[in-house]
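Novice: Sequence first, predicted model second:
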Amino acid sequence: MLQQRIQQQFFDSADLKYAAAETLTRPIADAVNAILGCITSGGKVLACGNGGSAGDAQHFAAEFVGRFERERPGLAAISLSTDTSIITAVANDYAFDQIFSKQVQALGHPGDVLLAISTSGNSSNVLAAIEVAHDKEMIVVALTGKGGGKIGQALKETDVHICVPHARTARIQEVHLLAIHCLCDGIDVQLLGEQEDE
Ligand SMILES: O=C(CO)[C@@H](O)[C@H](O)[C@H](O)[C@H](O)COP(=O)(O)O
Ligand SMILES: [Zn+2]
C-alpha cells in the first residue's frame, strides 16, 4: 500500500513533467532571454517565495552566484527569502506581507528581474513584491501553478509567466525546480556556448 503510493507519486510527477514540457518550453525560453538581457546589461535577479519556494529562491541564487554545471564568473542574484534579520524586522515593524516588497524597494533597479515563486499564485507577500517591481520598471518572471491565481492577473505583457498545469503544491514545486535548472542551463549555454560533448 505504502509502496504503491510512493510509486504513484513518481508516476504523477513524471506525467506532469511530460505535460509541462509542452506548455512551459516557450515561457522558460522567454525567461532565459529576459534574464540574459538583464544580466548582460549589468542588472541582477531578485528571487522570492514562501516555504518550499523560499528554498527554490535560495537554490536559484546559489546556482547563479556560485555556479551551475560549468565554470563561469558568478552572476548577480539575491534571494529575498534568506536574511532572517531583514525578514523579522520588516514583519515585526511593518507586516509579513511586506517582507519581500520592502527588499525590492530597497534593492531593485529598472531592468532588474524579480523571480517570483508561488505555487498558488496567491501569496500576498509575493504579490506585493511584484507590484513594487512594476513600480521600479523591473521585469517579473513568475513561477506559479493552479492557474496562476492573483499573480497571473497582476502580470504585464512584458513579464513572463511560467504556470505549471497542476493543482497540487508538491507536484508544482517539483516542476518549478526543473524550470529553475532549465533557466540556469539556458543562461550558461547563451553565455558560454554549447559544450563539445553535448
Ligand atoms: O513546500 C511546501 C509544500 O510542499 C510548503 O512549505 C509551501 O511552500 C508553503 O505552504 C507555502 O507557504 C505555500 O505558498 P505558495 O506556494 O502558495 O505561494
Ligand atoms: Zn514542499
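Specialist: That came in fine, so what should we check first? Everything numeric here is computed off the predicted structure, so don't read it as measured data. Ligands and ions are numbered 1, 2, ... in the order given.

Novice: switch to C-alpha atoms for all contacts and neighbour counts from now on
Specialist: OK.

Novice: and the longest helix belonging to the chain, what does it pack onto?
Specialist: Counting residues, the longest helix found in the chain (DSSP state H) is helix 2-40. Helices and strands touching helix 2-40, by 3 or more CA pairs under 8 Å, 6 or more residues apart in numbering; DSSP states H and E, are strand 45-49, strand 113-117, strand 160-164, helix 169-192.

Novice: how big is the angle separating that helix from strand 160-164?
Specialist: Using axes from the mean of the first three to the mean of the last three CA atoms, to 10 degrees, the inter-axis angle of helix 2-40 relative to strand 160-164 is 180 degrees.

Novice: ok, helix 2-40 near ligand 1 or not?
Specialist: No. Between helix 2-40 and ligand 1, judged by CA under 6 Å from any ligand atom, nothing touches; the nearest distance is 13.2 Å.

Novice: Over to stretch 103-115?
Specialist: No. Figure legend: stretch 103-115 not in contact with ligand 1 (CA under 6 Å from any ligand atom); closest approach 12.6 Å.

Novice: And the contacts of that stretch?
Specialist: Stretch 103-115 is contacted by residues 34-35, 38, 43-48, 57, 80, 129-130, 132-133, 136-143 when judged by CA atoms under 8 Å, 6 or more residues apart in numbering.

Novice: how far out from the middle of the chain is the longest helix of the chain?
Specialist: 12 Å (CA atoms, centre = their mean, to the nearest Å).

Novice: can you pull the buried residues of that helix?
Specialist: Buried residues in helix 2-40, defined by neighbour count with 16 or more other CA atoms under 10 Å: 13, 16-17, 20, 24, 27-36, 38-39.

Novice: cool, stretch 100-117 as well?
Specialist: Those buried within stretch 100-117 under the rule 16+ other CA under 10 Å are 100-104, 108-109, 111-117.

Novice: Also stretch 77-86?
Specialist: Buried residues in stretch 77-86 (16+ other CA under 10 Å): 77, 78, 79, 80, 81, 86.

Novice: export stretch 27-42 as CSV, just CAs?
Specialist: Below are the C-alpha coordinates for stretch 27-42, written out as CSV (Å, rounded to 0.1, in the frame of the first residue of the first chain):
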residue,chain,number,x,y,z
PRO,A,27,7.8,30.7,-21.4
ILE,A,28,11.0,29.2,-20.0
ALA,A,29,12.9,30.2,-23.1
ASP,A,30,11.3,33.7,-22.8
ALA,A,31,12.5,33.8,-19.2
VAL,A,32,16.1,32.8,-20.2
ASN,A,33,16.1,35.7,-22.7
ALA,A,34,14.7,38.2,-20.2
ILE,A,35,17.2,37.2,-17.5
LEU,A,36,20.1,37.2,-20.0
GLY,A,37,19.2,40.7,-21.2
CYS,A,38,19.1,41.9,-17.6
ILE,A,39,22.4,40.3,-16.6
THR,A,40,24.3,41.4,-19.7
SER,A,41,23.1,45.0,-19.1
GLY,A,42,24.6,44.9,-15.6
